[in-house]
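**Q** when you get a sec, could you give me coordinates for this:
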Amino acid sequence: MKVSTKGRYALRMMIDIAEHSVDEWIPIKDISERQGISLKYLEQIVTNLTRAGLLRSGRGSGGGYMLSKTPDQYTVGEILRAIEGKLAPVACLLDDVNQCEHSQYCKTLGFWKGLYQVIDNYVNSVTLQDLLKL
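**A** All right, here's what the predicted structure looks like:
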């Protein structure tokens, strides 16, 4: 499993909004400047985060983005999955029902399932609030 630049930037964006929002809209331009991430790239990321219900958006002058819940209610896992999809270490674990023709006799499948569980447990145990403390 490799987290893409979009996934890493999504975490940075969520932290930035959590740090700078006190019941006010944060313009994406401000996030772009503070984080050194291009505005166009952040626009792609914010679309996914908003669709997933992780951010609220306000239009017009004075608009921007804010968290839809408190930082302690977000897990790193849900933020990453909103951008990356499932965090499976191998492709055969991406579907709910394993489609691999070798799954019935694969001697490594148990290992990959275990690794997937460890990854999910870890990213689900860390909150946005935890990242704010670092």
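
**Q** please count neighbours and contacts with C-alpha atoms only from this point.
**A** Fine.

**Q** now the phi/psi pair for the residue sitting furthest away from the middle of the chain, please.
**A** Within the chain, Tyr105 marks the point farthest from the mean C-alpha position, 33.7 Å out by Cα atoms, centre = their mean. The phi and psi values for Tyr105, taken as degrees, to the nearest 10, are phi -130, psi 10.

**Q** show the contacting residues for it.
**A** With contact set as Cα atoms under 8 Å, 6 or more residues apart in numbering, Tyr105 has no partners.

**Q** what's the distance between it and Trp112?
**A** Going from Tyr105 to Trp112 by Cα to Cα, to the nearest Å gives 14 Å.

**Q** can you pull out the strands in the protein?
**A** Counting by DSSP state E, the chain has strands at residues 55-58, 64-67.

**Q** sheet partners, orientation included, of the first one?
**A** The reference is to strand 55-58. Paired strands of strand 55-58, with direction, are strand 64-67 (antiparallel) (DSSP bridges).

**Q** quick check: which of the strands of the chain is nearest to Ala82?
**A** Distance to Ala82, taken as Cα to Cα, is lowest for strand 55-58 among the strands of the chain, at 11.2 Å.

**Q** export the closest one to CSV, keeping only CA atoms.
**A** C-alpha atoms of strand 55-58 as CSV (Å, rounded to 0.1, in the frame of the first residue of the first chain):
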residue,chain,number,x,y,z
LEU,A,55,-15.9,19.1,4.8
ARG,A,56,-18.6,21.7,4.3
SER,A,57,-18.3,24.3,1.6
GLY,A,58,-19.5,27.9,1.6
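
**Q** next, the buried residues of it.
**A** The neighbour-count check on strand 55-58 (16 or more other Cα atoms under 10 Å) flags Leu55, Arg56, Ser57 as buried.

**Q** show me what contacts the residue lying closest to Pro89 once chain neighbours are set aside?
**A** Among residues not flanking Pro89 along the chain, Met1 sits closest, at 4.5 Å (Cα to Cα, 6 or more residues apart in numbering). Met1 sits next to Leu87, Ala88, Pro89, Val90 when contact means Cα under 8 Å, 6+ apart.

**Q** if you set the cut-off to 7 Å instead, what comes out?
**A** By Cα atoms under 7 Å, 6 or more residues apart in numbering, the contact list for Met1 reads Leu87, Ala88, Pro89.
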